[in-house]
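Asker: Have a look; sequence and predicted model below, questions after that.
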Amino acid sequence: MKRYIAFLRGINISGKNKIPMAELKKGVEGLGFSEVRTFLNSGNVIFSSELDQETALSEQIEAMIKSQFDLEIPVLVVPKEVLENLLRSAPSWWGSEDKEVYDNLIFVLPPAAADDVFRELGEPKEGLEEAMRCGDAIFWSFSRKSYQKTNWWSKTASAGIGKKLTIRTANTVQKLVGM
């Protein structure tokens, strides 16, 4: 059995795309996956499966959500070991204890790629935010005090590429890997 983490995009935000985590857990268990746990209300599911195809796993969870909740929610499934390796590749400026800095990990939903994000959003604003590609994920940090002055803050939600991203804080990703 291989351990996976599923990231659901855009659920339980401002009363939209509501999915109760207990019901989501039952739905994922109903797909035959084991050791299912959810974390936070933002759509993080940890599970085990013998299937070794992330795309197929994503499609199964998306179909279950459509069937049970009548929502079309993009799902990105990442093997836990891949996420662990990704965190080992984190730049030194990411994931610190500095409360003045907001550290995020941007996951790019296929078929989009990290290069598409930089092409559409432009370069991070020097001195206010930093970003580094790592495969099709992007480590992104910015000053909490100056977030409105950053280049990426508003664009990650409003630009066309925003619908092809799911973003988690460093703290959330680190906890998921530790579960």
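Answerer: Structure's in. What do you need?
Asker: From here on, just use CA atoms for contacts and neighbour counts.
Answerer: Fine.
Asker: Any idea how far the helix or strand of the chain with the lowest mean pLDDT is from the middle of the chain?
Answerer: Scoring the helices and strands of the chain by mean pLDDT, DSSP states H and E places helix 153-158 at the bottom, with a mean of 84. Distance, stretch centre to chain centre, for helix 153-158: 15 Å (C-alpha atoms, centre = their mean, to the nearest Å).
Asker: For it, list every residue counted as buried.
Answerer: Within helix 153-158, the residues scored as buried using 16 or more other C-alpha atoms under 10 Å are W153, K155, T156.
Asker: neighbours of G178, just the number please.
Answerer: Residue neighbour count, defined by other C-alpha atoms under 10 Å, stands at 9 for G178.
Asker: One more: S89?
Answerer: Counted with other C-alpha under 10 Å, S89 comes out at 11.
Asker: if I pick it, what's in contact with it?
Answerer: S89 is in contact with C134, counting by C-alpha atoms under 8 Å, 6 or more residues apart in numbering.
Asker: now R144
Answerer: Taking C-alpha under 8 Å, 6+ apart, we find R144 in contact with E100, V101, Y102.
Asker: now swap in A159 and tell me
Answerer: Applying C-alpha under 8 Å, 6+ apart to A159 gives the contacts E120, L121.
Asker: Check the gap between it and E126 for me.
Answerer: 20 Å (C-alpha to C-alpha, to the nearest Å).
Asker: now swap in W94 and tell me
Answerer: Distance of W94 to E126, given as C-alpha to C-alpha: 15 Å.
Asker: So between those two, which is more surrounded?
Answerer: Ranked by neighbour count (other C-alpha under 10 Å), W94 and E126 place W94 first, with 22 against 10.
Asker: which SS class is that one?
Answerer: coil (DSSP: H, G, I helix; E, B strand; the rest coil).
Asker: can you pull the pLDDT of it?
Answerer: At W94, the model reports a pLDDT of 95.
Asker: Kindly report the same for S58.
Answerer: 97.
Asker: That one: what's it in contact with?
Answerer: A6, V75, L76, V77.
Asker: I'd like the residues you listed written out as JSON lines, with distance to K175, neighbour count and pLDDT added.
Answerer: Below are the contacts of S58 laid out as JSON lines (distance: C-alpha to C-alpha, whole Å; neighbours: other C-alpha atoms under 10 Å; pLDDT from 0 to 100):
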{"residue": "A6", "distance to K175": "14", "neighbour count": "21", "pLDDT": "97"}
{"residue": "V75", "distance to K175": "19", "neighbour count": "25", "pLDDT": "97"}
{"residue": "L76", "distance to K175": "18", "neighbour count": "24", "pLDDT": "97"}
{"residue": "V77", "distance to K175": "16", "neighbour count": "23", "pLDDT": "97"}
